[in-house]
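Trainee: I'll drop the sequence and a predicted model, then ask my questions.
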Amino acid sequence: MSAAAGLEKRFGKRLLEKTELRGELAYIVAPEDWLRVLSFCKESSALAFDQLDCLLGDHLPEREAAPFEVVAHLLSHTHGHRLRVKTSLAEGQTLPTVTGLWPSAGFDEREAWEMFGIVFEGHPDLRRLLTTEDFEGFPLRKDFPLEGTVGGRIRIDLRGKI
Amino acid sequence: MGMTDGLFRRATDSEVRAVVEGAPLKREDLELDISPDELMGGPVRFPGGIAMPVQVERVLGFGRSFSFWPLLFGLACCAIEMMALGGSRFDMSRFGMEAMRASPRQADGMIVAGWCSIKMAPRVVRLYEQIPDPKWVLAMGSCAISGNIWDTYNVVQGIDSLIPVDVYVPGCPPRPEALWEGLEMIRQRVKESKHAYDGLRRIPARDAIAEGGSDS
């Protein structure tokens, strides 16, 4: 894959790990290189990833040093190829937003922040997306209760909302 | 006796038949033996013919029951079964229910079809309150009834914790036939002018906090 060669030539050892599963290529990068790598993926004419398919968070508590992961799925309509870029984050560590590259990242980053508590610095509108404004906790973290919610039973307070 | 003294009494079957078939009246037919309460029970003979006294609510209920227009509103997968009931195979238009109104102002009731997220709850309550009285609510499927298996942070544990519900249709999702049966039960309540909100001073959602879910 020429795209992979271009990326490896540009970043070399800054790409921490390369995996390929059933023909799907993925690179793991450090959080500091997140914006630089994704920016190159979009701007380079050999890569030309003009679409961010999705950007998602993940919680892997068994990785104690860096339990959070952010994955970007990229698609190039110009060349017809795909790529995944991953990074690992510690609790409280932030990541620069990629809304400047792909405006559609706005919703994805809002969801990742809402569900996992991963803060994206520079995001223009980091509000809750799927839960109510007064919601507490990050529901897709593994330590979130399976039944009920933070503090036990589900309570719905509609005062001032109807 | 009271107000109907000398004027009204219950018509016998033969008298009804006689009037319908055009037979002449007899003097002894005009004797009264009926109380005002009994007036509502059936045809009454009075000088000059037979009357059918009924409560206005019953006439309205009879009329409404044949043109029950639900709100066009689906929340989740149950709405697919609701659409199947509206389609040609099950065809709810046979019962005057096909005109699903897209505006709550024109609807007679709502079918809460599917699970209601907590973020959606204020909208559901607002739609319910925008439906003019009299109105009826059908909770369709396990999620609308109790939250089903989703005892989680984002699901209302039964829509009856927010708005009064007339008929519950269980199933996951219920077959169109089951919803049809539920709508027939709604229709019976429409005929009898019974409402889930009878006796309520305000709907549960207007009370401070609705609770639900596990006690853990």
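Mentor: Great, that's in hand. Residues are numbered from 1 along each chain as shown, chains lettered A, B, ... in the order given.

Trainee: quick one: pLDDT of residue B:53?
Mentor: Per-residue confidence (pLDDT) for residue B:53: 66.

Trainee: in the lengthiest helix in chain A, what counts as buried?
Mentor: Taking DSSP state H as the criterion, chain A has its longest helix at helix A:105-116. Judged by neighbour count using 16 or more other CB atoms under 10 Å in any protein chain shown, the buried positions of helix A:105-116 are A:105-106, A:108-116. From N, CA and C alone the C-beta is placed, and that goes for glycine too.

Trainee: tell me the mean pLDDT for that helix?
Mentor: 93.

Trainee: residues in contact with it?
Mentor: By CB atoms under 8 Å, 6 or more residues apart in numbering or on different chains, the residues outside helix A:105-116 that reach it are A:52, A:54-59, A:68, A:70, A:97-99, A:118-120, A:123-131, A:138-141.

Trainee: pick out the most distant pair among the buried residues of helix A:105-116.
Mentor: Greatest spacing in the buried residues of helix A:105-116, by CB to CB: A:106 and A:116 (16.4 Å).

Trainee: re the thing from before, and the contacts of helix A:105-116, which of them are buried?
Mentor: Buried residues within those, defined by neighbour count using 16+ other CB under 10 Å: A:52, A:55-59, A:68, A:70, A:97-99, A:118-120, A:123, A:126, A:129, A:131, A:138-139.

Trainee: the chain: strands as residue ranges?
Mentor: Since you didn't name a chain, this refers to chain A. Applying DSSP state E to chain A gives strands spanning A:15-21, A:24-29, A:51-59, A:68-75, A:82-89, A:95-96, A:120-121, A:154-156.

Trainee: you looked at the wrong chain, it should be chain B
Mentor: Here chain B has its strands, by DSSP E, at B:9-10, B:44-46, B:49-51, B:70-71, B:109-113, B:136-140, B:167-169, B:210-212.

Trainee: hmm, who's touching stretch B:74-81?
Mentor: B:82-83, B:111-116, B:120, B:124, B:140-141, B:143-144, B:173-176, B:179.

Trainee: so which of those residues are in helices?
Mentor: Using DSSP H, the contacts of stretch B:74-81 in helices are B:82-83, B:124, B:141, B:143-144, B:176, B:179.

Trainee: can you list the domains in chain B?
Mentor: B:2-53, B:61-206 (automatic domain parsing).

Trainee: and the last one, end to end?
Mentor: Between the opening and closing residues of domain B:61-206 there is a gap of 28 Å (CA to CA, to the nearest Å).

Trainee: chain center to it, what's the gap?
Mentor: 11 Å (CA atoms, centre = their mean, to the nearest Å).

Trainee: list the contacts for the residue nearest the centre of chain B?
Mentor: Relative to the mean C-alpha position of chain B, the nearest C-alpha, by CA atoms, centre = their mean, is the one of residue B:190, at 2.9 Å. Contact analysis of residue B:190 by CB under 8 Å, 6+ apart lists B:61, B:64-65, B:68, B:108, B:134, B:136.

Trainee: near chain A too, which of the residues you listed?
Mentor: When CB under 8 Å from any CB of the partner chain is taken as the criterion, no member of the contacts of residue B:190 contacts chain A.

Trainee: now, which of the residues you listed sits nearest residue A:89?
Mentor: residue B:136 (51.6 Å).

Trainee: now the closest one. Nearest residue, chain neighbours left out?
Mentor: residue B:109 (3.7 Å; CB to CB, 6 or more residues apart in numbering or on different chains).

Trainee: same question, residue A:144
Mentor: residue A:137 (5.9 Å).

Trainee: and the one you found, how many neighbours?
Mentor: As a burial measure, residue A:137 scores 14 neighbours (other CB atoms under 10 Å in any protein chain shown).

Trainee: touching, it and residue A:143? I think so.
Mentor: No. The pair residue A:137 / residue A:143 is not scored as a contact, 9.3 Å apart, by CB atoms under 8 Å.

Trainee: that older thread, next, format the strands of chain B as TSV and append mean neighbour count.
Mentor: Listed next are these as TSV, based on neighbours: other CB atoms under 10 Å in any protein chain shown:
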stretch	mean neighbour count
strand B:9-10	18
strand B:44-46	20
strand B:49-51	13
strand B:70-71	24
strand B:109-113	28
strand B:136-140	27
strand B:167-169	23
strand B:210-212	18
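
Trainee: now those in CSV, with distance to residue B:158?
Mentor: Below are the strands of chain B laid out as CSV (distance: least, CB to CB, whole Å):
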stretch, distance to residue B:158
strand B:9-10, 47
strand B:44-46, 47
strand B:49-51, 47
strand B:70-71, 19
strand B:109-113, 10
strand B:136-140, 8
strand B:167-169, 9
strand B:210-212, 6
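
Trainee: least confident of those strands, on average?
Mentor: strand B:210-212 (a mean of 60).

Trainee: what about chain A, any weak spots by pLDDT?
Mentor: For chain A, applying pLDDT under 70 flags the ranges A:1-3.

Trainee: contact residues of it facing chain B?
Mentor: A:130-132, A:135, A:137, A:139, A:144-150, A:152-159, A:161-162.

Trainee: and for the closest residue to the residue nearest to the centre of chain B other than its chain neighbours, the neighbour number?
Mentor: Excluding its sequence neighbours, the residue lying closest to residue B:190 (CB to CB, 6+ apart) is residue B:65, at 4.2 Å. Residues within reach of residue B:65, counting by other CB under 10 Å, total 20.
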